[in-house]
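1. here are the coordinates; sequence isn't available:
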């Protein structure tokens, strides 16, 4: 039972990381109608800047404070230089352009930081474990990641439902021509939305730094899971991103942890391990297919105006 609870918390932490990535991506696609394959590159930029500044200063907080504006400003520059010229173009053009950005960003970090992975230590004030229940010690840092993600979800909810800027963003998603006619600078609005999405991706990257190795190309593998999250949750929905990310995180983590144990009850060890590894890799895609059969627009689709 303790192992199940521990893996549940691991899945929750992984899901929160996916949410920080998927929140920005679902905003960009839902509001701006842009397919951005380079979103994982902002995750990578945040991780690299955070790791480099932390190594230079010895302060994780300074690394975090440097990574967020670096990812956000880099995202805004990408939107201004590249993506705003693709809004009226076909989605295939957007895919090709942002795929080119992936290769550019990967080579850029290799030029700046080299080909060797960077590693971040858990900050001393978040090191160690805490006893959640009797007999279960859990890393404080992973709990901090969960708390950070939940705080971001609340802030995004407040931004989009309780502020004037959020109202303008939602209106721009429904009818950009009308919003522009009312005097709102829609180009600036879209740049801010894209920068916010990149900033959230950078936050996910720097928070994942002490858990994973920081290396070139680290954004591509997690980007696939991020697209699965927004398809399950509903494109353009922050609430859907939360639910989808938690579902994907839990299904992936619990599947990898417990499917081998269950399969060994039925098959020989070698067969069980191979079958469990294959099925656990497919589990999130089976989940996505099941959700789409039930609700083709996702669990929390955004209502069209």
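-> Thanks, I have the structure now. All of these numbers come straight from a predicted model, not from anything done at the bench. Residues are numbered from 1 along each chain as shown.

2. all strands of the stretch 1-150 of the chain, in order?
-> 129-133, 136-139 (DSSP state E, counting those that start in this stretch).

3. Can you check which of the ones you listed gets nearest to residue 32?
-> Each of the strands of the stretch 1-150 of the chain was scored for nearness to residue 32 using C-beta to C-beta, and the closest is strand 136-139 (36.9 Å). All C-beta spots, glycine's among them, are computed from the backbone N, C-alpha and C.

4. what does that closest one rub up against?
-> 2, 5-6, 9, 122, 128-132 (C-beta atoms under 8 Å, 6 or more residues apart in numbering).

5. Apply 7 Å and report the result again.
-> If you take C-beta atoms under 7 Å, 6 or more residues apart in numbering as the criterion, strand 136-139 is touched by 2, 5-6, 9, 129-132.

6. With stretch 90-110 instead?
-> 34-38, 41, 44-45, 48, 78, 82, 86, 216-217, 220.

7. mind running it again at 8 Å?
-> Here stretch 90-110 has contacts from 34-38, 40-41, 44-45, 48, 78, 82-83, 86, 216-217, 219-220, using C-beta under 8 Å, 6+ apart.

8. now do stretch 119-126
-> By C-beta under 8 Å, 6+ apart, stretch 119-126 touches 50-51, 54-55, 59-61, 63, 139-141, 144, 209-210, 213-214.

9. How is the residue nearest to residue 19 when sequence neighbours are not counted assigned, secondary-structure-wise?
-> In space, and not counting its chain neighbours, residue 19 is closest to residue 245: 3.7 Å by C-beta to C-beta, 6 or more residues apart in numbering. Here residue 245 is helix, with the state taken from DSSP: H, G, I helix; E, B strand; the rest coil.

10. show me what contacts residue 245?
-> 15-16, 18-19, 22, 229, 233.
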